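Engineer: build me a structure from this.
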Amino acid sequence: MSKPRKPKGRAVSGWLILDKPVDFGSTEAVSKIKWLLNAQKAGHAGTLDPLASGMLPIALGDATKTVPYVMDGRKIYEFTVTWGEERSTDDLEGEVTASSDMRPAEQAIRDLLPNYTGVIQQIPPQFSAIKIAGERAYDLARDGETVEIPSREVEIFRLTLLGVGENEAHFEVECGKGTYVRSLARDFGRELGCYGHISNLRRTFVAPFGEDKMVPLADLVALEEIEDRDERLAALDAYLIDTAEALSSLPHLPVTEEQAHRIKMGNPIILRGRDVPVEEPEAYATVRGKLIAIGEIGQGEFRPKRVFG
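Structural biologist: As a prediction, the model looks like this:
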């Protein structure tokens, strides 16, 4: 019987909050970071289109187990809508599908915003990762097919007009999971009767990570010049954020070394004390500040569901 293959790379864990440049794909960015840090495993929490810049949270090692908690978080985008053209991709990349010489007045734009705040129905773009009959919408669109994509519910917490130019308007939006900013641009243009598409898009926040956590790709690439491997990797590791920071929206349970041992074996632990939560569907446990498990609290116990090394 052959021995299992030893994973390539280091068993490094944590989050790296990349400031992704334009014309760089999300998958490409993850591969670059994984290679730079010589990591065994990597993934990202929420795709950014190649034409978009900004925050791309990248999980390494055990942090990949916490990706869903970041994916579900609120996001903030700054974006520019250029008026006069609707495009097949709803951004600069696509072909012009409709045009208009009309330009909206600033007040008309402001009057529009309440219609797109709160829980709204939104139809994703034709060029999106939505699956239609088992196939990605963007694959069907590239083949020239026009598909009916059903609308879905998304939540817009805040939508602000930042400025108005002759042919464009600048916005900031705070939104929930699954919101397409390209769809907002398309729908703004249609409702205003002038058409529109995204000409600039930047993500500045993915809960719980703020803009101050972002690291430009150029800063990381520059570290390749450090010849000593250990020194280079140490410099890169300094940018990592502890895995547990992704779980800040969950209740936190500090445990003892003895309790941690039981949890790591997959066993529940008994909780005592007035400050212990009575019941929580999800909480995370740490020992000496290190994440060891995500689990549930109930009937005086913490029961681990996912254990970390």
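Engineer: surely L51 touches G94?
Structural biologist: No. Between L51 and G94 there is no contact, the gap being 10.3 Å when judged by Cβ atoms under 8 Å. For every residue, glycine as well, the C-beta is placed using N, CA and C.
Engineer: how close does T243 sit to P125?
Structural biologist: 33 Å (Cβ to Cβ, to the nearest Å).
Engineer: between these two, point out the one with more neighbours.
Structural biologist: More neighbours surround P125 than the other of T243 and P125, with 26 against 22 (other Cβ atoms under 10 Å).
Engineer: just the pLDDT for that one.
Structural biologist: Looking at P125, its pLDDT is 82.
Engineer: ranges for the helices of the stretch 201-309 of the chain?
Structural biologist: 217-222, 229-237, 257-264 (DSSP state H, counting those that start in this stretch).
Engineer: what mean pLDDT does the last one get?
Structural biologist: Per-residue confidence for helix 257-264 averages out to 95 on the pLDDT scale.
Engineer: so which elements touch that helix?
Structural biologist: Under the contact criterion of 3 or more Cβ pairs under 8 Å, 6 or more residues apart in numbering; DSSP states H and E, helix 257-264 touches strand 269-270, strand 280-287, strand 290-298, strand 301-307.
Engineer: pretty sure L113 contacts L161?
Structural biologist: Yes. Counting by Cβ under 8 Å, L161 is a contact partner of L113 at 6.6 Å.
Engineer: find me the pLDDT at the most centrally placed residue in the chain, would you?
Structural biologist: Among the residues of the chain, the one closest to the centroid is G46, at 3.2 Å (Cα atoms, centre = their mean). According to the prediction, G46 has pLDDT 86.
Engineer: with the one 3 residues further on instead?
Structural biologist: Reported pLDDT at D49 in the predicted model: 87.
Engineer: now G309
Structural biologist: pLDDT for G309: 76.
Engineer: what's the local residue count around it?
Structural biologist: Neighbourhood size, G309 [other Cβ under 10 Å]: 9.
Engineer: please name the residues that touch it.
Structural biologist: Counting by Cβ atoms under 8 Å, 6 or more residues apart in numbering, G309 touches 11, 13, 62.
Engineer: list the contacts of P208.
Structural biologist: By Cβ under 8 Å, 6+ apart, the contact list for P208 reads 70, 73, 245-246, 248-249.
Engineer: 10 Å instead, please
Structural biologist: By Cβ atoms under 10 Å, 6 or more residues apart in numbering, the contact set of P208 is 57, 69-70, 73-74, 241, 245-249.
Engineer: ok, these vs T286, which is closest?
Structural biologist: The closest of these to T286 turns out to be L247 (Cβ to Cβ; 9.5 Å).
Engineer: now for the nearest residue to the closest one once chain neighbours are set aside, how many residues are close by?
Structural biologist: Excluding the flanking residues, the one nearest L247 by Cβ to Cβ, 6 or more residues apart in numbering is Y284, at 4.6 Å. When neighbours are counted by other Cβ under 10 Å, Y284 registers 25.
Engineer: hmm, Y284 is touching P277, no?
Structural biologist: No. The criterion here is Cβ atoms under 10 Å, and Y284 misses it with P277 at 11.9 Å.
Engineer: mutual contacts of the two, please.
Structural biologist: Among the neighbours of Y284, those also in contact with P277 (Cβ under 10 Å, 6+ apart) are 251-253, 302.
Engineer: top of those by neighbour count?
Structural biologist: In terms of neighbours by other Cβ under 10 Å, the shared contacts of Y284 and P277 top out with F302 at 24 neighbours.
Engineer: which residues does I297 bridge with?
Structural biologist: E280, F302 (DSSP bridges).
Engineer: output the longest strand along the chain as CSV - backbone C-alpha positions only.
Structural biologist: Counting residues, the longest strand found in the chain (DSSP state E) is strand 152-164. Below are the C-alpha coordinates for strand 152-164, written out as CSV (Å, rounded to 0.1, in the frame of the first residue of the first chain):
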residue,chain,number,x,y,z
ARG,A,152,-33.2,37.3,-6.1
GLU,A,153,-33.4,39.1,-2.8
VAL,A,154,-30.4,41.1,-1.7
GLU,A,155,-30.0,43.7,1.0
ILE,A,156,-28.6,47.2,0.7
PHE,A,157,-27.8,48.8,4.0
ARG,A,158,-26.6,52.1,2.7
LEU,A,159,-26.3,53.7,-0.7
THR,A,160,-24.6,57.1,-0.9
LEU,A,161,-24.1,59.5,-3.9
LEU,A,162,-20.5,60.8,-3.5
GLY,A,163,-20.3,63.1,-6.5
VAL,A,164,-21.6,63.8,-10.0
